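Here's a sequence, model it:
(one chain, ligands or ions: 1)
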Amino acid sequence: MPNPVDKIKPAVRAIKAYTLPPYRASIKINQNENPWDLPDEIKEEASRRLAHRHWSRYPDFVPTSLLERLAAFAGWKPEGTLAGNGSNELIQATLMVCIGPGSRVLLSEPTFTLYRQIVTVMGGETVAVSLTPDFQFDFEAIRRRINGERIDLIIFCSPNNPTGSSARADQIRQLGQEFDGLIVIDEAYHEFSDQSMVSLLNELPNLIVLRTFSKAMAMAGLRVGYLLSSPDLVREVHKGTLPYNLNFFSQTVAEVACERYELLEASVDAIKAERTRLYGELTTIKGVEVVPSTANFMLLRTPVAPRLLFEDLLARDILVRDVSSYPMLSEYIRVSVGLPNENDQLIAALAEVIQSRTTAGV
Ligand code: PMP
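Okay, here's the model as predicted:
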């Protein structure tokens, strides 16, 4: 009997699933979440609204009230807004409606691994352009590629996961005018960088901006993301999402979070202040190099091999991300900015581990 798995697309069989081993630790700084929970006032108001709903009924086919709030929140139009089950779903929907065999997608590497994964599953091909040695987008190299060969779509993650670097609006504007394909900007971390490409949507009909409630908005467990683009493109990407992709529980909490953003803003400001403090203190540890970041995480290079450092920190109840398998990052780990006392513990633990590993000659 033939192996049923042979019916799976070869490009799919060739890749590993996108997953994370289930390590646990008290200090969890491996997934760039907001270390402060969603404020109780938002949870309570959402619970009040949910108690009045029929849970036996489907959500609306188009979550109009959420789209209106998202659009007002982002400064864009509701008919140019699409909500998703996390921004992951919208990355997938965008690529599903654009990419097939023969499509070519340009990525600046290292970046979020899901883009390459989904392009591959859809039968497309990725074209990698390396970031510069100091981890900035290399617009010159990107320009050479788009002028020299056919590229259908470019994805920028800005701020970029895992490097923390950002593109500037003038760079994207210029590229968007020159390039005849689509430009997708994943702004999962934009709140920490104080910049956004949303203001370019009016000028660039080929621009798609993706955002999430999983980071600054402190709702990773509820899976809400949104996409902003021209109404024409939104209508097409919508066809790549499932009906009722967003349950009404998550919709309701997201609506309240938009209405009461001032309650979340304090934690975003605190994360930015902690980022500055953490960066400053980590750079004083002998042998540690820290990559400046515009997001709520940063890359560290130390004299200790990333795997050993990961294990030594885990033994001290601190969970970081070993990113050494990414291009350019064989000597790096990534840490998210945690609560102030968590950051203190990370600083102390790193100094201790590096001291003991380097004097042990490892
Ligand atoms: N984009 C980037 C750059 C991310 O880092 C992540 C989460 N790690 C996502 C998208 C996915 O976010 P969501 O939880 O909204 O699916």
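
partner residues bridging residue 109?
residue 130 (DSSP bridges).

Residue 131 is in contact with residue 137, isn't it?
Yes. Counting by C-beta atoms under 8 Å, residue 131 does reach residue 137; the two are 6.5 Å apart. All C-beta atoms are positioned from the backbone trio N, CA, C, and that covers glycine.

Distance of the nearest residue to residue 84 once chain neighbours are set aside relative to the ligand?
Of all residues not flanking residue 84 in the chain, residue 90 sits nearest, at 3.9 Å (C-beta to C-beta, 6 or more residues apart in numbering). Per C-beta to the nearest ligand atom, to the nearest Å, residue 90 is found 8 Å from the ligand.

Give me the distance from stretch 85-101 to the chain's centre.
Offset of stretch 85-101 from its chain centre (C-alpha atoms, centre = their mean, to the nearest Å): 14 Å.

And stretch 13-33, by the same measure?
14 Å.

tell me the centre residue of this structure?
residue 188 (4.3 Å; C-alpha atoms, centre = their mean).

before we move on, back to that, so if I had to pick from residue 131 and residue 137, which one is more boxed in?
residue 137 (24 against 19; other C-beta atoms under 10 Å).

pLDDT score assigned to that one?
pLDDT, residue 137: 98.

So it lies in a helix, does it not?
No. Assessed with DSSP: H, G, I helix; E, B strand; the rest coil, residue 137 is coil; it does not lie in a helix.

What distance do you get for it to the ligand?
14 Å.

Roughly how far does that residue sit from residue 175?
Distance of residue 137 to residue 175, computed by C-beta to C-beta, to the nearest Å: 10 Å.

what's the burial count for the closest residue in space to residue 261 that isn't next to it in sequence?
Excluding its sequence neighbours, the residue lying closest to residue 261 (C-beta to C-beta, 6+ apart) is residue 73, at 6.9 Å. Neighbourhood size, residue 73 [other C-beta under 10 Å]: 18.

just the one 3 residues further on next, same as before
If you count neighbours by other C-beta under 10 Å, residue 76 ends up with 19.

Give me the neighbour count for the closest residue in space to it that isn't next to it in sequence.
In space, residue 76 comes closest to residue 228 once its chain neighbours are excluded; the distance is 4.8 Å by C-beta to C-beta, 6+ apart. Using other C-beta under 10 Å, the number of residues around residue 228 comes to 26.

Contact partners for residue 228?
71, 74, 76, 80, 81, 198, 201, 208, 209, 210, 211 (C-beta atoms under 8 Å, 6 or more residues apart in numbering).

Reformat the residues you listed as CSV; add distance to residue 346.
Compiled in CSV, the contacts of residue 228 are given as follows (distance: C-beta to C-beta, whole Å):
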residue, distance to residue 346
71, 38
74, 33
76, 37
80, 41
81, 37
198, 33
201, 38
208, 35
209, 32
210, 29
211, 28
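
before we move on, back to that, overlap in contacts of residue 131 and residue 137?
108, 160, 165.

per-residue confidence at the residue nearest to residue 76?
Confidence score, pLDDT, at residue 228: 98.

coming back round to it: return the closest of the contacts of residue 228 with respect to the ligand.
Nearest to the ligand out of the contacts of residue 228 is residue 210 (C-beta to the nearest ligand atom; 7.0 Å).

So what sits opposite that closest one in the bridge?
residue 186, residue 227.

Verify the contact between residue 97 and residue 240 for me.
Yes. Between residue 97 and residue 240 there is a contact under C-beta under 8 Å: 4.4 Å.

Point out the residues in the stretch 201-350 of the chain that sit beside the ligand.
Contacts of the stretch 201-350 of the chain with the ligand, taken as C-beta under 6 Å from any ligand atom, map to 212, 214, 220, 225.

List the contacts of the third one.
Residues in contact with residue 220, defined by C-beta under 8 Å, 6+ apart, are 31, 33, 34, 213, 214.

if we go to 10 Å?
31, 32, 33, 34, 38, 86, 212, 213, 214 (C-beta atoms under 10 Å, 6 or more residues apart in numbering).

Just the ones of those in strands?
Secondary structure from DSSP state E places residue 212 of the contacts of residue 220 in strands.

Pull out the buried members of the contacts of residue 220.
32, 33, 34, 38, 86, 212, 213, 214 (16 or more other C-beta atoms under 10 Å).

can you list those in TSV and add pLDDT and distance to residue 192?
Listed next are the buried ones among the contacts of residue 220 as TSV, based on pLDDT from 0 to 100; distance: C-beta to C-beta, whole Å:
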residue	pLDDT	distance to residue 192
32	98	9
33	98	12
34	98	10
38	97	17
86	97	18
212	98	12
213	98	14
214	98	13
